[in-house]
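*Asks:* Structure of the sequence below:
(2 chains)
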Amino acid sequence: MKAEIIVIGGGHAGCEAAAAAARIGVKTVLITHKFETIGQMSCNPAIGGVGKSHLVKEIDAADGIMARCADKAAIHLKVLNSSKGPAVRATRAQADRELYKKSVQKELKRLENLEIVEGEVTDFDIKNNQIGSVTVGESKILKAQKVILTTGTFLNGKLFTGMDNNEGGRVGDNSSKKLAEKLRNIDFSVGRLKTGTPPRIHKDSINWEILEEQKGDVPRPTISFLSDQSIHPKQLSCFITRTNVKTHEIIIGDLDRSPMFSGKIEGVGPRYCPSIEDKIFRFKDKKSHQIFIEPEGLNSDLIYPNGISTSLPKDCQEKFVRSIEGFESAQITQYGYAVEYDFFDPRELHETLETRKIKNLYFAGQINGTTGYEEAAAQGLVAGANAALSFLGKDPWTPGREESYLGVLIDDLVTLGTKEPYRMFTSRSEHRLILREDNADQRITEKAYKAGLVSEDRYKIFSEKKNKIIKEKDKLAKLFLRPEDEKIYGALKIKEPKSATSFLDLLKRPDLDFHDLAQAFSIEIPDNDIVFDIETNQRYSGYIKRQMDEIEKMKKNRNAHIPLNFDYSNVKGLSAEITQKLSKVEPKTLAQAWRIPGITPAAISALMVYLKRNEKETADKNASGSI
Amino acid sequence: MDQAIVACSTPPGRGAISVVRISGKEAKSIINKLFTLEFEHGASRVARTSLSDGFNEKCLISCFEGPSSYTGEDVAEISCHGNPLIVRALIQKCIELGARNANPGEFTQRAFLNNKIDLAQSEAVIDLINASSNAAMVAASKSVSGNFGKNVDKILESLRKIRILVESSIDFSDQDTNIDFMQINALFKDFRCLLEDFDERIEEGIRIMSEHRVVVAGPPNVGKSSIMNILSGEEASIVTEIKGTTRDPIYKKIQIRDLQVDIYDTAGINDETIDEIEKLGIDKSKSLIEGADLILEVVDAENKDFSLKKNGNILKVFNKSDIFSPPKEFEGIVISALEKKNISDLEEKIYELLSGDGSDALFSARERHQNLVKKTFLEIDSCPSPIDMENVDIAAEHLRLADIFLGDIKSPMSADDFLGEIFSAFCIGK
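*Replies:* Below is the predicted model:
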C-alpha cells in the first residue's frame, strides 16, 4: 500500500479531507477505528442552519461531499430566515443518520485515489520537526508525505453521566489515548473543551397526539447546487415541546450531582449550546425552554430531543424527561452525556491548517477547537486540498474571509484562537451581504476548480449558469423603460420615469420584483436560480458596492504584508507582552495582527508606521540603486 | 522600554524655571550619573550638577518609575533655572549619557503606545495645553481623565444593545429567542436621542476649545483704536483725528479674567471712500466681522444711527461720553475711551458674552469626533425604519458600520499620516 497523504479519523473533517486530497489526484489513505462509523453523525441528526449552511454550500461549490450526502439523507428540509433578506437565509436538513453515513461511505469508496484502512493509529514518527510515518496498531508502519489529523473528541476523550465517567470519544467507541500522549509531548498548546448530547428516546413511547407538529418547507429546498428534489427520500415532520416548572425543579434539585456543577469537568462548553442544567441555572427567569424533537431516521426507532443535552445522573434524566409534555412515559434508550476532550490551540496553525511546529502535519476539525459537522468538514476540505497541493508543489488554496465563510472560519481560528467550541455565525463575517448561500458557487467554484478540486462536470454546469447570468444581465441592462412606455409603467403601477431606466436598475426598487417586471416587459423568465441571483444582487447592489470598496480599501491599507520571521522587537513602542503575542501568532498581514485579542490600536499604529517606513526605505534604496 | 528621549517641556525662552523631561530606559542611569542620585519613584530631590567649568546648577529632580508614569516608562523631570543656555547644556548632558532629542509630541505618543491613554485622551492633552479659558481647561481636563471616553462608551453600549438583538434575530432565528422588533425600534429611538445629545455636547466641546475673536467695528473716527489700546493696555493702534487712519486690521491678545481673547481693530466702515487702499481695508474689516465671536459695534453721537445690520453676538458701545450723552433709547455700554470711563463695565460685558454657559461643557472635543458622529448619523439615517423582519439584514449592516465609526473615536484603525497629524499638533516635550 502506498500513500502520499494519510488522513487519521473518519468523521466529517476526515472524510472531507480525504475526498479533497483524492480529488486533486494524490494517493490518500484514510485510517479509522471502524469502517462502519465513517460519516457518523455523533450529535444531532441535522446539517445546515444559519452560518453553517453557508459553509456547507461553499464545500459543495468546491465539489465536496457533505452537501450531496445531506440531500440524499434529508428527511425534513427548511429554509431558516425565509421571511428575512436573501443574505441571511439558510437551509437546514434533518438527516437520516443511516442514509447519511451510507452515502458518505459510498462517495469515499468510489474515489480512485482513496483507500480506507481500519485500525488505531498509535504513534507518529517525527524527525527534525517533520512527520514521516504513522504506526497503525501494534507495529504496522505506514509512510506518508503528509498526515492530516482529524480525531475529533477522541483525544483524551472522557464521557460523563452524573458522577460516573469513562474514557471514550463517543458512546461505544474508544478514545485515542496513546496518540494524545504522543501529541502532548510535542509541545503543542493543549486546551480542554466539552460538549454534550441529550438522552435518546424511543419514538413509540412518546405521546405524539398532543405535540405541536412542524412540517418541512414546500417546495423543498436542496443543499447541493447540483441536487434536485427527486434525490430526497420520504419526508418526516419535526415536533415541538417545552420544559416546564416541574422539569426545572427536578433539575435544580439534582445540580450537585452534575459533573459540570460539581467541578469534575474542567473543559469549557459552548455558550450558545448549553446543557439544560446550564440553561436553567443561568436563566432563572425563564419558565420554559423549547425542545425540538428531531426524527433520527426513516427506519430508526429513536428521536433526538434537541435542547436538553445533559450530563445529569441517569435517574435524574428519567425523572426530568418524564415531566415534559408528551414524554410522560418516555423510554430513554441512551442517556445523555458530556464529552470532555483535548484540543490544540489553532493559532499554532498556518492558514493551510498545517501545524507550525511539525512540517507536513495538518489538523482539521474539533481538534482545532471547533464544534459542528459543517465547521469540521470545512476545515477538512481546506486541509486535504492544501496537503495535496503542497505535495504536488502547487500554490496553496486559502479562501479569504472577504470571499467566503471558509475564510472567516480559518482566519478566525488561526488568528484569534478560541476559548470555547467555535461555531459559525453570519455575524462573524464583515461581508454578510456578499457571502450568501445562493452565490457560494460564484464565489468558490472557479478558484476551487483551478486548485483541482472540482470535477469537469460540475465546472461545466457552473460555467453555464455563470454565462447565463452574464447574458441575461446584459440583456436586462439594455432593456429600458422610457417615459413614453405608458403601457409598461401603467402595468407596473408606478409613476412615469423621468428618463429611460433599465430593467436592471428597476430591480433595485424594493416594490418591484423580477416576475412583475418580466410580465410588464413581456419577456421570457429565465431559470429560478438565475432570477434569484440577478434579483438579489440588484437588491443589495448599493451595499455590495460599498462592501467591495471597503474590501479594496482594507486590502490596500491593512493587508500590508508582514514579512515571515519578522522581528517585532525592532518596532518602537510595542510592549513586551504585545511583542510576545505577535511573535506567537505570526500574523501574515496587519489585518490579522489587528484581530489578535489584546493587541491595542496603538500597537497596530506603531506596526503600521514601521512597516510603511520600511517599505519606503526599501523602495528608496531600490530607486537609488537603479540610477 | 525604548531609548530615552529628552526635551524641554516648558516654553522656550527665559523664565523663572524651565523643566527638562527624560523618558525611557536610560532615565535612571542618567539621573544617577548626572546628580549622583538614586532614582526613586515619587521622590523629588534637590541636587547639583556641573554643566560647565566652574558652573554648578542646582536642580529639583522628580522621578516616576514606569509603568506608573505619564509615558509608562521611567520618567525624570529636572527643574532648572529658566535660562536657555542652562537648558541646552542640561539636554546636551542627557544626550551624552544615552538619551536623544524627543520629536514633537513624542512623550504623549509613548503614553499612547504604552496604553496609558486612549486616542481621545491624547487629543485632550493637546486641548489642555492649548486651552484659552478656564472653562476650556476644565473641559479638556475632564476629557484627559476619561470623561469623554465614558460618554462614548455609554453611546456604544446603547448601540450594541440594539445590535445584539438584531444579530440574534438573524443568527438564532431557529431558537425560541423571540426577538421583539418593537423593542429593537424603541432602543433605536433611544440611541438616536443619545447620539443627538452627544452631538450637541461635542459641538459645545469644540466651541469651548476655539479661540475667542472680538472685532471692534464701526464708522470711521468713533474711537475704535482708542478702545483697542485701552483694552490691551498698549499703544497698538495709531490714534489720530484723521478719518481712516487704521487701514490694516491690527490684532492683540488680551486677557479678561481667565479668558484669552484675540481683539481686532478694523478700518472704519466708510462706504463713501474713494481711496483704493482704504477700500481694501474696509473689505478686510467686513470679512473679519463675519468670523467674529463678538462684535463691538462702536458709535458716537455723530454716528448714533450707524448699524452693521448684523445678527449674532453684538455689543453696542457708545464712545465719547465725555462730549455727548447717548440718545435715550441707546442700549449698550456707554464709555469714554479718552477719560477711561466705564472700561471695567465693558470688560465685564465682553467676558459675559464670550464665556456663555461654556463652563458646563462635559468634555473638550474636536472636529474628528464630530465627523465620526456625522458618519454615524448617516448610517443611522439610512438604516431602514422601523426595523422589521424583511429589512433586518440591511439594518444590521448599517448598525455594524455605525459601531465602527463610533468606535473609531477612541481607537481608530487608520493610516499613519492621521496619527502623525495628531502628534505633530504637540509642541516639543508634550
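
*Asks:* low-scoring stretches of the chain, by residue?
*Replies:* All of this is about chain A. Per-residue confidence of chain A (counting by pLDDT under 70) places the weak regions at A:1, A:163, A:167-176, A:269-272, A:553-559, A:572-573, A:597-598, A:600-602, A:605, A:612-627.

*Asks:* wrong one, I was asking about chain B
*Replies:* In chain B (pLDDT under 70), the answer is B:104, B:129-135, B:177, B:210, B:235-249, B:258, B:271, B:355-362, B:366, B:411-430.

*Asks:* buried stuff in the lengthiest helix in it?
*Replies:* Counting by DSSP state H, the longest helix found in chain B is helix B:181-209. Buried positions in helix B:181-209, judged by neighbour count with 16 or more other Cβ atoms under 10 Å in any protein chain shown: B:181, B:184-185, B:187-188, B:191-192, B:194-195, B:198-199, B:201-202, B:204-206, B:208-209. Every C-beta, even on glycine, is put in place using the N, C-alpha and C of the backbone.

*Asks:* For the following helix or strand past it, which strands pair with it and how are they oriented?
*Replies:* The helix or strand immediately downstream of helix B:181-209 is strand B:212-217, counting by DSSP states H and E. According to DSSP bridges, strand B:212-217 forms sheet pairs with strand B:259-265 (parallel), strand B:294-299 (parallel).

*Asks:* next one: the last one to chain centre, how far?
*Replies:* Right, strand B:294-299. 26 Å (Cα atoms, centre = their mean, to the nearest Å).

*Asks:* Give me the contact list for it.
*Replies:* Outside of strand B:294-299, the residues within contact range by Cβ atoms under 8 Å, 6 or more residues apart in numbering or on different chains are B:212-219, B:222-224, B:227, B:289, B:306-308, B:310, B:312-319, B:332, B:350, B:353-354.

*Asks:* Please save the CA atoms from it in PDB.
*Replies:* Only the C-alpha atoms of strand B:294-299 are listed here, as PDB (Å, rounded to 0.1, in the frame of the first residue of the first chain):
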ATOM      1  CA  LEU B 294     -18.300  89.000  19.300                       C
ATOM      2  CA  ILE B 295     -18.500  92.400  17.600                       C
ATOM      3  CA  LEU B 296     -18.100  95.600  19.500                       C
ATOM      4  CA  GLU B 297     -20.200  98.000  17.400                       C
ATOM      5  CA  VAL B 298     -18.800 101.400  18.300                       C
ATOM      6  CA  VAL B 299     -20.700 104.600  17.700                       C
END
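
*Asks:* name the helices or strands packed onto whichever helix or strand comes after it?
*Replies:* Next in sequence after strand B:294-299, counting helices and strands by DSSP H and E, comes strand B:314-318. Contacts defined by 3 or more Cβ pairs under 8 Å, 6 or more residues apart in numbering or on different chains; DSSP states H and E place strand B:314-318 against strand B:294-299, strand B:333-334, helix B:343-355.

*Asks:* I'd like these laid out as a markdown table, including distance to residue B:93 and mean neighbour count.
*Replies:* Below are those laid out as a markdown table (distance: least, Cβ to Cβ, whole Å; neighbours: other Cβ atoms under 10 Å in any protein chain shown):
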| stretch | distance to residue B:93 | mean neighbour count |
| --- | --- | --- |
| strand B:294-299 | 49 | 24 |
| strand B:333-334 | 56 | 20 |
| helix B:343-355 | 45 | 17 |
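
*Asks:* Can you classify residue A:483 by secondary structure?
*Replies:* Counting by DSSP: H, G, I helix; E, B strand; the rest coil, the backbone at residue A:483 sits in coil.

*Asks:* Let me know which of the helices and strands packed on strand B:314-318 is the nearest to residue A:285.
*Replies:* Residue A:285 sits nearest to helix B:343-355 of all the helices and strands packed on strand B:314-318, at 51.5 Å, using Cβ to Cβ.

*Asks:* What segments of the stretch 101-250 of chain A are strands?
*Replies:* Using DSSP state E, counting those that start in this stretch, the strands of the stretch 101-250 of chain A run over residues A:114-118, A:121-127, A:130-136, A:140-143, A:146-149, A:158-161, A:164-167, A:190-197, A:200-202, A:212-214, A:238-242.

*Asks:* Then the stretch 301-450 of chain A?
*Replies:* Taking DSSP E, counting those that start in this stretch as the test, the strands found in the stretch 301-450 of chain A are A:302-306, A:332-334, A:337-344, A:361-363.

*Asks:* nearest spatial neighbour of residue A:512, skipping sequence neighbours?
*Replies:* Closest residue to residue A:512 apart from its sequence neighbours, by Cβ to Cβ, 6 or more residues apart in numbering or on different chains: residue A:506 at 5.5 Å.

*Asks:* Just list the residues touching the one you found, thanks.
*Replies:* A:481, A:512, A:517.

*Asks:* buried residues in stretch B:29-49?
*Replies:* Along stretch B:29-49, these residues count as buried under the neighbour rule (16+ other Cβ under 10 Å): B:30, B:31, B:33, B:34, B:35, B:37, B:39, B:49.
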